[in-house]
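Chemist: got a predicted structure here, sequence first:
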Amino acid sequence: MKSTLHEITLEGSTMNVVVAGTGPTILLGHSYLFDAAMWAPQLEALSAHYHVVAPEMWGHGASGKMPTNTQDIAGLARQHLMLLDQLNIERCAVIGLSLGGMWGAELALMAPERISALVLMDTSLAAEPDISREAYFSMLTAVEQTGVIPPPVLATALEMFFSSAVDALHRDELTTRLRTWNSARLIDSVVPLGRMTFGRREALADLGKLTMPTLVATGADDKARPVAEGRAMAEQIGCRFSLIPDAGHIANLEAPDYVTEMLFDFLAEASI
């Protein structure tokens, strides 16, 4: 189904939003260092039955710089709530992967009456472990100081995002994007977003407050957000956990058919 592009001004900056289909609304949240194109396999399938809204995070895709007053993941959630208001969307299901799952969960906690169902994929609402947080912060400092993504950081990103079995096309696409990223957006948006992501608050216990239908899913080979983290969230929420076989962190691209079927099944169970 044909999609349309919308430029929505939020707190003085422009967010690029891909919209397709009609029916109940689904809000998609992509991973850090990706954009709305990440959801291409699911957007095409879901938009045949749903109104699908896929915003691009600040500094990612065609979106502008992050608003200067953005302080944390809850701030990102608040901005997406404002996006729903501007698009006249009263209620929606949220499907978020990685960073998209983090702000998606915060959005569900912030405005539960607006969220009909929630899918948290390859993400964690627990605080980042000290060792990995410091490693990520060190890489972000290197990006900030140079205005580019240095080769060692690029290599680490490829290793963390994909399993060893991933199609070379996905690796090549990510490599090209990371090598050619706009330097200004790296410094004013991507680096601070990374610090928010890896310096996120400990919110695992708060997930027990969620009452809408929820699914947690993690790629079996996810190195960035291990399976144990997904299981811990599902246990805290009291919802089903789904293990996505033969997939790493960007599970929806590595196992597109499996993930699309999983989402359709969950949305049907949730009466969306």
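Modeler: Good, I have the coordinates.

Chemist: residue contacts, Asp35?
Modeler: Residues counted as contacts of Asp35 (Cβ atoms under 8 Å, 6 or more residues apart in numbering) are Glu56, Met57, His60, Gly61, Ala62. (C-beta placed from N, C-alpha, C; glycine too.)

Chemist: phi, psi of it?
Modeler: phi -150, psi -170 (degrees, to the nearest 10).

Chemist: same check on Asn16?
Modeler: According to degrees, to the nearest 10, Asn16 has phi -90, psi 130.

Chemist: out of the contacts of Asp35, which end up buried?
Modeler: Glu56, Met57, His60, Gly61 (16 or more other Cβ atoms under 10 Å).

Chemist: closest to Ala77 out of these?
Modeler: Proximity of the buried ones among the contacts of Asp35 to Ala77 (Cβ to Cβ) peaks at Met57, which lies at 12.1 Å.

Chemist: does that closest one touch Tyr32 like I think?
Modeler: Yes. Using Cβ atoms under 8 Å, Met57 makes contact with Tyr32 at a distance of 7.5 Å.

Chemist: what is in contact with the two at once?
Modeler: Between them, Met57 and Tyr32 share the contacting residues Leu99, Leu193, judged by Cβ under 8 Å, 6+ apart.

Chemist: where does Ser242 fall, helix, sheet strand or coil?
Modeler: strand (DSSP: H, G, I helix; E, B strand; the rest coil).

Chemist: could you pull up the residues touching it?
Modeler: Leu215, Val216, Ala217, Thr218, Met262.

Chemist: make it 6 Å
Modeler: Ala217, Met262 (Cβ atoms under 6 Å, 6 or more residues apart in numbering).

Chemist: tell me the pLDDT of it.
Modeler: As predicted, Ser242 sits at a pLDDT of 98.

Chemist: what's the answer for Trp181, then?
Modeler: For Trp181, the predicted pLDDT is 95.

Chemist: give me the three-state assignment for it.
Modeler: Going by three-state DSSP: Trp181 is coil.

Chemist: and what of Thr4?
Modeler: strand.

Chemist: which one of the contacts of Asp35 sits closest to Val153?
Modeler: Nearest member of the contacts of Asp35 to Val153, counting by Cβ to Cβ, is His60, at 16.5 Å.

Chemist: skipping adjacent residues, who's closest to Phe241 in space?
Modeler: In this structure, Phe241 finds its nearest non-sequential neighbour in Ala234, 3.7 Å apart by Cβ to Cβ, 6 or more residues apart in numbering.

Chemist: may I see the buried residues of the helix or strand harbouring that neighbour?
Modeler: For Ala234, the host element (DSSP states H and E) is helix 227-237. Of all the residues in helix 227-237, those buried under the rule 16+ other Cβ under 10 Å are Val227, Glu229, Gly230, Ala232, Met233, Ala234, Gln236, Ile237.

Chemist: secondary structure class for the residue nearest to Pro226 when sequence neighbours are not counted?
Modeler: Counting by Cβ to Cβ, 6+ apart, Pro226 lies nearest to Thr218, which is 7.6 Å off, once chain neighbours are set aside. In three-state terms, and counting by three-state DSSP, Thr218 is strand.

Chemist: next one: Thr218, what pLDDT does it get?
Modeler: pLDDT, Thr218: 98.

Chemist: could you report the pLDDT at Val166?
Modeler: Reported pLDDT for Val166: 73.

Chemist: cheers, nothing more for now.
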